[in-house]
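Engineer: I need the structure of the sequence given here:
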Amino acid sequence: MWGRVVEIMTAVWLAGSPFIFGVQSDATILWADLGLALLIWTLSGLSYWHPTRHAHLLILVVSVGMIVWGRFYVTPPPPAHENHIVVGLFLLMIALIPNEASQPPRVWRQQTST
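Structural biologist: The predicted structure is shown next:
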C-alpha cells in the first residue's frame, strides 16, 4: 500500500505549502489547502480499511478539482496555484495505483496458500 503512503506524504506537503509559498495571509488558499490535505489524508487512510479499500479513487476527483482551480482561478497562475496543478497531476498518477500493487497476483497468493 505504498501508494497510499505517498498520498499521505503529499497531503502533508499540501498542508505546509501555503507557508512555503508565503501565502498564509490569503485565507482562501490557506483553508483550502488545509481542507484538501485533510480530505486526501482521510481518503488515503480509509483505503487501509477493507470495506472502504477503494476510497483512494475519490482522490482522482479531488485532484482534477485542484488542477482546474489552480489553472483557472487567476491567470497567469501564481506559484501557489502552480503548486495545486503539479500536486493534482501527481495525485492523478498515484491514486490509480492499486492497494496491492507491491504484492504478487491474487492467483499466485492463493496457489501458495493451499
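Engineer: list the buried residues of stretch 7-18.
Structural biologist: Residues 7-8, 10-11, 14-15, 17-18 are the ones in stretch 7-18 that count as buried (16 or more other C-beta atoms under 10 Å). From N, CA and C alone the C-beta is placed, and that goes for glycine too.
Engineer: which among those gets closest to Pro79?
Structural biologist: Of all the buried residues of stretch 7-18, the one with the least separation from Pro79 (C-beta to C-beta) is Ser17, at 9.5 Å.
Engineer: skip the chain neighbours and tell me the closest residue to Thr7.
Structural biologist: For the record, residue 7 is Glu, not Thr. Among residues not flanking Glu7 along the chain, Ser44 sits closest, at 4.1 Å (C-beta to C-beta, 6 or more residues apart in numbering).
Engineer: the one you found against Leu58, yeah?
Structural biologist: No: using C-beta atoms under 8 Å, Ser44 is not in contact with Leu58; the gap is 10.0 Å.
Engineer: same drill for these two, tell me which one is more crowded.
Structural biologist: When neighbours are counted by other C-beta atoms under 10 Å, Ser44 comes out ahead of the other of Ser44 and Leu58, with 25 against 17.
Engineer: tell me the contacts of that one?
Structural biologist: Taking C-beta atoms under 8 Å, 6 or more residues apart in numbering as the definition of contact, the neighbours of Ser44 are 4-5, 7-8, 11, 55-56, 59.
Engineer: quick one, helices of the chain?
Structural biologist: Counting by DSSP state H, the chain has helices at residues 2-20, 27-46, 59-72, 79-95, 106-113.
Engineer: if I look at Val5, how far off is Gly35?
Structural biologist: From Val5 across to Gly35, the span is 21 Å (C-beta to C-beta, to the nearest Å).
Engineer: okay, now the unreliable bits of the protein?
Structural biologist: Flagging of the chain using pLDDT under 70 yields the residue ranges 114.
Engineer: thought Pro18 was touching Trp31?
Structural biologist: No: contact between Pro18 and Trp31 fails when scored by C-beta under 8 Å: they sit 9.1 Å apart.
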